[in-house]
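Trainee: here are the coordinates; sequence isn't available:
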């Protein structure tokens with residue numbers, strides 16, 4: 001799981017020029033075709049090292065598996081394979097410990113590791129790339145990264161789900177107004193409202209799980225685009241790396257980024273759900289609503305206005321959703337006109353995915369930490385639920401149980417509400433005699449319909465807001 005996190009800046013300054021390490025030719029792996037070195041502006045423009053250096057764990061894992069397969073298949077001598085694996089493990093320790101020195105000629109993390117391998121082993125290090133291209137190597141690293149990233153995000157989502165469930169359980173009997181068009185509509189349990197977000201995030205987990213199935217395919221062995229002439233064992237490599245399947249078409253394998261699009265789509269949808277929840281936190285914490293009180297440790301103040309307590313965490317979760325949407329559209333745009341197979345445009349995929357992962361990981365972590373600390377003002381919620389004639393539908397339902405067609409009952413209650421607005425009364429303040437002026441079907445038992453608790457608990461149909469349903473839903477979640 002930790003593999004999906006940033007590698008940090010300890011592993012050396014990728015953007016700084018360094019002297020060519022001793023033992024290196026200083027030339028790029030493909031330089032033999034060129035009559036002159038690349039211009040410094042081209043080097044600066046084309047390098048991906050500042051972005052893809054975080055893939056070093058996945059790159060070395062993929063290289064070790066590939067090397068072990070080469071030795072097992074006798075494509076290279078087994079003794080050579082063992083020496084290369086040992087050197088790769090040493091390079092991993094350098095990168096992980098921050099002692100790895102990048103060179104000015106390193107185009108990306110993949111070539112940086114190969115260059116260091118050749119520094120250590122001489123020509124023997126060059127055997128590692130037998131039966132492999134950077135095209136299938138990069139695609140493998142990227143898929144390994146996303147498998148880790150999805151696992152991290154699943155853990156993060158479960159943490160937020162637990163936080164929402166616990167907040168719902170602690171406030172299980174709190175009644176609040178439910179809204180349509182941001183206007184008070186009908187009373188609902190606050191726990192029922194929170195469980196709506198639980199449903200959304202559970203669907204998000206399913207989307208990421210579906211994405212994982214498409215990520216879990218090994219492209220290594222596809223070569224640059226056409227496969228390889230060497231007798232490789234792709235199934236063995238897949239087993240070593242934990243892939244569930246091997247790609248069927250080499251052209252597709254090196255150029256496919258559907259799995260990244262699916263990841264960004266799932267990320268954008270989850271971000272949208274988090275943004276909706278964040279917006280409600282902003283509203284609920286406002287003076288006008290005051291349904292909740294933010295913990296001081298998750299709020300900010302104003303440099304000018306000393307009374308302010310601002311919901312910056314929620315606002316940033318809401319605001320950063322725009323980046324999640326933008327990353328999805330950016331990758332779709334990159335891919336839309338690409339001919340088969342590999343094109344350098346695909347280098348743009350990783351920055352977008354990394355940014356979406358970082359954005360979601362941070363948002364989920366901070367929300368999961370903040371939600372349990374929210375203080376709920378149950379009396380304020382209850383008062384709000386009593387205002388705005390949220391029990392009007394109860395009156396219409398009551399008349400329907402007395403045989404009045406619902407559409408007719410709707411009109412009767414509309415007239416009752418208009419009368420209340422004119423007289424400054426609430427529905428529960430009306431006497432039976434006043435109600436009977438609008439319909440003779442009103443009887444003494446109507447008063448039992450005009451309470452928040454009764455209105456909530458009558459909604460026992462599956463999915464409704466009744467205490468019975470909410471308690472059952474919380475138990476299903478183990479809360």
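Mentor: Ah, there it is. Source: prediction; values computed, not measured.

Trainee: how about the strands in the protein?
Mentor: Ranges of strands within the chain are 175-180, 183-189, 217-218, 245-246, 292-293, 375-376, based on DSSP state E.

Trainee: residue 122 is nearest to which of the ones you listed?
Mentor: Minimum separation from residue 122 across those (CB to CB) falls at strand 217-218, 29.9 Å. Heads up, the C-betas are built off the backbone N, CA and C, glycines and all.

Trainee: same for that closest one, what does it pack against?
Mentor: Applying 3 or more CB pairs under 8 Å, 6 or more residues apart in numbering; DSSP states H and E, we find strand 217-218 packed against helix 134-170, helix 234-241, strand 245-246.

Trainee: quick one: neighbours of residue 284, just the number.
Mentor: Residue 284 has 23 neighbours, counted by other CB atoms under 10 Å.

Trainee: quick check: buried residues in stretch 439-446?
Mentor: Buried residues in stretch 439-446, counting neighbours by 16 or more other CB atoms under 10 Å, are found at 439, 441-442, 446.

Trainee: could you dump the residues you listed into JSON lines and include pLDDT and distance to residue 329?
Mentor: Shown next, in JSON lines, are the buried residues of stretch 439-446 (pLDDT from 0 to 100; distance: CB to CB, whole Å):
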{"residue": "439", "pLDDT": "96", "distance to residue 329": "55"}
{"residue": "441", "pLDDT": "96", "distance to residue 329": "56"}
{"residue": "442", "pLDDT": "96", "distance to residue 329": "56"}
{"residue": "446", "pLDDT": "95", "distance to residue 329": "54"}
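
Trainee: related to what we said a few turns ago, winner for burial among the helices and strands packed on strand 217-218?
Mentor: When those are scored by mean count of other CB atoms under 10 Å, the highest mean neighbour count falls to helix 134-170 (a mean of 21).

Trainee: same question for it, mean pLDDT?
Mentor: Here helix 134-170 scores 98 as its mean pLDDT.

Trainee: now that helix, how far from the chain's geometric center?
Mentor: The chain centroid and the centroid of helix 134-170 are separated by 7 Å, computed with CA atoms, centre = their mean, to the nearest Å.

Trainee: quick one: that helix to helix 234-241, angle?
Mentor: Orientation note: helix 134-170 sits at an angle of 40 degrees relative to helix 234-241 (axes from the mean of the first three to the mean of the last three CA atoms, to 10 degrees).

Trainee: what packs against helix 134-170?
Mentor: Packed against helix 134-170, as judged by 3+ CB pairs under 8 Å, 6+ apart, are the following elements: helix 56-72, helix 109-121, helix 190-215, strand 217-218, helix 250-255, helix 258-284, helix 349-370, helix 467-476.

Trainee: what's the fourth one in contact with?
Mentor: In this case it means strand 217-218. Strand 217-218 is contacted from outside by 140, 143, 234, 237-238, 241, 243-247, 253, 259, using CB atoms under 8 Å, 6 or more residues apart in numbering.

Trainee: same question, the fifth one
Mentor: Contacting residues not belonging to helix 250-255 are listed as 133, 135-136, 139, 217, 219, 222-227, 247, 338, 340-343, 346 [CB under 8 Å, 6+ apart].

Trainee: what about the nearest residue to residue 191 once chain neighbours are set aside, distance to residue 218?
Mentor: The shortest distance from residue 191 to any non-neighbouring residue, by CB to CB, 6 or more residues apart in numbering, is to residue 168 (3.7 Å). Using CB to CB, to the nearest Å, one obtains 42 Å as the distance from residue 168 to residue 218.

Trainee: what sits against the residue lying closest to residue 170 once chain neighbours are set aside?
Mentor: Nearest residue to residue 170, sequence neighbours excluded (CB to CB, 6+ apart): residue 376, at 7.9 Å. Neighbour list for residue 376: 167, 170-171, 174, 190, 291-292 [criterion: CB under 8 Å, 6+ apart].

Trainee: roughly how far apart are residue 376 and residue 382?
Mentor: Residue 376 is 11 Å from residue 382, by CB to CB.

Trainee: cool, residue 181 as well?
Mentor: The gap separating residue 181 from residue 382 is 22 Å, by CB to CB.

Trainee: who has more neighbours out of those two?
Mentor: When neighbours are counted by other CB under 10 Å, residue 181 and residue 382 differ, and residue 382 comes out ahead with 17 against 6.

Trainee: quick check: residue 420 touching residue 430?
Mentor: Yes. Here residue 420 reaches residue 430: they are 7.2 Å apart, a contact under CB atoms under 8 Å.

Trainee: more neighbours: which of those two?
Mentor: With neighbours defined as other CB under 10 Å, residue 420 and residue 430 compare such that residue 430 has more, 22 against 17.
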